[in-house]
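Engineer: got a predicted structure here, sequence first:
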Amino acid sequence: MEWIAAIGTIVIVGIVLAGLEWTGRKIQAQPETVRKWIHIAVGHWVFLALAWIDQWYIAIVPLLFFTVVNLITLKRGDGQMNQVERVSYGTVYYPVALALLVMLFFEQEPMALVAGSMVLAWGDGLAALVGKRFGKTFYTRGNIKRSFEGSIAMFLASFLVLTVTFLFYELPSWLAVSYGFLLANIATLIEAVSYRDTDNLLIPLTIGALVAFAL
């Protein structure tokens, strides 16, 4: 049954991806916007996996599948999520990061898995969307340009999803809020200084590790 559930998660994610691609074309959204819709949506795969699958080595299979698929589509330039201004390996790093989280935390520390995934999905996703739409004050690191507005969105979204995650796993309110605040700052700093799309790896793994070993 678990293998069937794993295949089911692949089908569901595939339907979501197709739906977002279709919607993006229908409303003529920019490829970068569609890419971030997908970025946010895919992070919620962890809830399907935790609900339907018990073994990490089965849960990791869909992520390996999408790593290969994303790499192939990236090389071929298929889909709106790959029609961006520069070649971006973020779509490959994303399932790789989730796969590492699953290997490390799926069975013993699910809170760390959820925390890392949700910060990657909502924090990093909204940072890009808000920065692109409302960014007016920018800072640079080398040839990487980011906006303060995007960083604020990164912090607020991360703080919210972390606090909700900790409360869901029944941590005391004061700890949920204070640790959510601390980790949101760390995630925002990582997003601000990371090179290109490496934040898709660094953010979830750092947050997952800090949650697992400190809470």
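Structural biologist: Arrived safely, thanks for sending.
Engineer: use CA for all of it now, contacts and neighbours both
Structural biologist: Fine.
Engineer: where does the prediction get shaky in the protein?
Structural biologist: Applying pLDDT under 70 to the chain flags the ranges 77-87, 141-143.
Engineer: repeat that for 90
Structural biologist: 1-2, 21, 24-36, 70-91, 128, 131-148, 192-198, 214-215 (pLDDT under 90).
Engineer: in it, which helix is the longest?
Structural biologist: Ranked by number of residues, the top helix in the chain under DSSP state H is helix 2-26.
Engineer: report the buried residues of that helix.
Structural biologist: 5, 6, 8, 9, 10, 13, 17, 20, 21, 24 (16 or more other C-alpha atoms under 10 Å).
Engineer: and the angle from the helix or strand following that helix to helix 2-26?
Structural biologist: For helix 2-26, the following helix or strand on the C-terminal side (DSSP states H and E) is helix 31-42. Angle, helix 31-42 to helix 2-26, by axes from the mean of the first three to the mean of the last three C-alpha atoms, to 10 degrees: 150 degrees.
Engineer: surely residue 58 is in a helix?
Structural biologist: Yes - Residue 58 forms part of a helix when assessed by DSSP: H, G, I helix; E, B strand; the rest coil.
Engineer: that one contacts residue 5, correct?
Structural biologist: No - the criterion here is C-alpha atoms under 8 Å, and residue 58 misses it with residue 5 at 9.2 Å.
Engineer: now the helices for this protein?
Structural biologist: So, for the chain - with DSSP H - the helices run 2-26, 31-42, 45-52, 56-76, 90-105, 110-118, 125-134, 148-168, 173-193, 199-214.
Engineer: in CSV: these, plus distance to residue 140.
Structural biologist: Listed next are those as CSV, based on distance: least, C-alpha to C-alpha, whole Å:
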stretch, distance to residue 140
helix 2-26, 30
helix 31-42, 20
helix 45-52, 33
helix 56-76, 26
helix 90-105, 19
helix 110-118, 26
helix 125-134, 13
helix 148-168, 10
helix 173-193, 9
helix 199-214, 15
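Engineer: okay, these, which one's buried deepest?
Structural biologist: Comparing the helices of the chain by mean neighbour count (mean count of other C-alpha atoms under 10 Å), helix 110-118 comes out on top with a mean of 27.
Engineer: dump that helix to CSV, keeping only the CA atoms.
Structural biologist: The C-alpha coordinates for helix 110-118 follow below in CSV (Å, rounded to 0.1, in the frame of the first residue of the first chain):
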residue,chain,number,x,y,z
PRO,A,110,8.7,15.0,11.4
MET,A,111,8.4,18.5,12.9
ALA,A,112,11.8,19.2,11.5
LEU,A,113,10.7,18.0,8.1
VAL,A,114,7.6,20.1,8.1
ALA,A,115,9.4,23.2,9.3
GLY,A,116,12.2,23.0,6.7
SER,A,117,9.7,22.3,3.9
MET,A,118,7.3,25.1,4.9
